[in-house]
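Student: Could you look at this predicted model? Sequence included:
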Amino acid sequence: MTGPVGGPDLPQERRLVTEIPGPRSRELQERRNAVVASGVSSVLPIYVAAAGGGVILDVDGNSLIDLASGIAVTSVGNAAPHVVARVAEQVAAFTHTCFMVAPYDGYVEVCEQLTELTPGTHAKKAALFNSGAEAVENAVKIARVHTGRTAVVVVDHAYHGRTNLTMAMTAKNMPYKEGFGPFANEVYRAPVSYPFRDGLDGQEAAARTIDVIEKQVGSGNVACIVIEPILGEGGFIVPAPGYLAAVAEYASANGIVFVADEIQSGMCRTGAWFASEHEDVVPDLVTVAKGVAGGLPLAAVVGRAEMMDAVHPGGLGGTYGGNPVACAAALGAITTMREQDLNKRAIEIEALLISRLAELAIQFPAIGEVRGRGAMIAIEIVVPGTNRPDAALASRLSAGCHQAGVLTLTCGTYGNILRFLPPLVAPDALLHEAMDVLTEVSSALTQR
Ligand SMILES: *Cc1c(COP(=O)(O)O)cnc(C)c1O
């Protein structure tokens, strides 16, 4: 039995043979609507047949340019050859024993890789889980045991997941929290640095964050400060230079565990193994997920050995955490990142996207800011001449791109950010074509 084959050999082209979504996708959507809970939604209901490089092939034969990577997951591309080979080998050997029952070397090797790749040269250890939210929850568990304190500090515009604790840690109500309370307690929110909106430099913004922690929580009660070095779902917000370092330094001076949630920004996405590196920040704990395993579910907490080892034996784990197939995929993905130097490639993508978008911003005053690092780039859509968010225009732009065969995502607390997260293996020609499409859609929407 053979199905459609994806991977980098798929023709790297945008090709539309039906309207989007096409008839076969619409048929599947009807079947889905009958049985899939409507709380689970899809950005673009084209049903996927195969994917690879920078394209997604749908069941109607359309080939779309992928600027989503399944939300920053398939950084090495879909069906990446090293991932496919290692997964196939592992599946044929064994699929699951549970690491807590009978261990295997893939888990250990992933922890060796991650303790080497995360920032800092201190002694580190790691533990593996299934999802990003689970990693964040476990980072909090570790920080609480290590410090003997309970309070968790998070920031405005934060996104940390959809479980009860991580919903409490996530800032945005709709759609993540609405109606799902009561939420976990002992979670406190402080302002962050959002240069486009607050105009503060890194030191000023850090002073504001620290002041709220001091006055409203008390540093002696704080187990951890959890922060995304580049805020993802909250709007691809890059804190002002110096902000992260100042907050990390405050944490260190006050016995607070500084946790970098690098679930979206890590693993080459921003042109470094971890985005903390751009700010010379060495977090105590790092949460890793999304891009780490080429599309298979795997997550990790990696950090200072003495903190990681604070938890009693049996206190961390889970049935599937560090599943052997997911570990094999991670080892294949990390090999790909090293072999193809995907950090360098992410920097090239940054240069391409930033220059195209900066050009577009000149003709299109609704683009209030172009920002981001590596292949984690966004435009903030505003009412021209103001900083008032225009979410309606952002979603019309995104929908226009979808109709033209470019899969884009929006994000942001105000829903007015259009974000670009291509696979790091997408060729330049495809990225230029996606930017051409965005340019056409932008002018069509504004010249009426
Ligand atoms: C996606 C994300 C999470 C949650 O990860 P899941 O695997 O969806 O649970 C947590 N933090 C950040 C920064 C994320 O981008």
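Tutor: In hand now; what should we look at?
Student: ok and the residue in this structure nearest the ligand?
Tutor: Gly132 (2.1 Å; CB to the nearest ligand atom). Any C-beta I mention is one placed from the backbone N, CA and C, and that applies to glycine too.
Student: which SSE is the closest residue to Pro21 other than its chain neighbours in?
Tutor: Of all residues not flanking Pro21 in the chain, Ile46 sits nearest, at 4.8 Å (CB to CB, 6 or more residues apart in numbering). Assigned by DSSP states H and E, Ile46 falls within no helix or strand.
Student: same deal with Leu128?
Tutor: Using DSSP H and E, Leu128 maps to strand 124-129.
Student: what are the phi and psi angles of the nearest residue to Asn323 once chain neighbours are set aside?
Tutor: Leaving aside its chain neighbours, Asn323 sits nearest to His96 (6.1 Å; criterion: CB to CB, 6+ apart). Phi and psi for His96, reported as degrees, to the nearest 10, are phi -170, psi 130.
Student: now the stretch 201-350 of the chain, which segments are flagged as low pLDDT?
Tutor: For the stretch 201-350 of the chain, no stretch is flagged by pLDDT under 70.
Student: on that earlier part again, tally up the residues packed near the residue of the chain closest to the ligand, please.
Tutor: Using other CB atoms under 10 Å, Gly132 has 27 neighbouring residues.
Student: pretty sure it is touching Ile263, no?
Tutor: Yes - judged on CB atoms under 8 Å, Gly132 makes contact with Ile263 at a distance of 4.0 Å.
Student: any idea how far the residue nearest to Asn323 lies from Ala328?
Tutor: Noted for His96: a distance of 12 Å to Ala328, by CB to CB, to the nearest Å.
Student: which one of these two has more residues nearby?
Tutor: Ala328 (28 against 12).
Student: OK, contacts around that one?
Tutor: 86-87, 89-90, 106 (CB atoms under 8 Å, 6 or more residues apart in numbering).
Student: Now render those residues as a markdown table, adding secondary structure.
Tutor: Listed next are the contacts of Ala328 as a markdown table, based on DSSP: H, G, I helix; E, B strand; the rest coil:
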| residue | secondary structure |
| --- | --- |
| Arg86 | helix |
| Val87 | helix |
| Glu89 | helix |
| Gln90 | helix |
| Gly106 | helix |
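Student: Number of residues surrounding the closest residue to Cys98 other than its chain neighbours?
Tutor: Excluding the flanking residues, the one nearest Cys98 by CB to CB, 6+ apart is Thr319, at 5.9 Å. Neighbours of Thr319 under the rule other CB under 10 Å: 11.
Student: picking up where we left off before, can you pull the pLDDT of the residue of the chain closest to the ligand?
Tutor: You'll see Gly132 listed with a pLDDT of 98.
Student: cool, Leu200 as well?
Tutor: Looking at Leu200, the pLDDT reads 98.
Student: So Val281: helix, strand or coil?
Tutor: Following three-state DSSP, Val281 is assigned to coil.
Student: Renumber starting at 27 from here on
Tutor: Will do, 27 is the new start, and the previous item becomes Val307.
Student: Surely it and Leu270 touch.
Tutor: Yes - using CB under 8 Å, Val307 makes contact with Leu270 at a distance of 4.9 Å.
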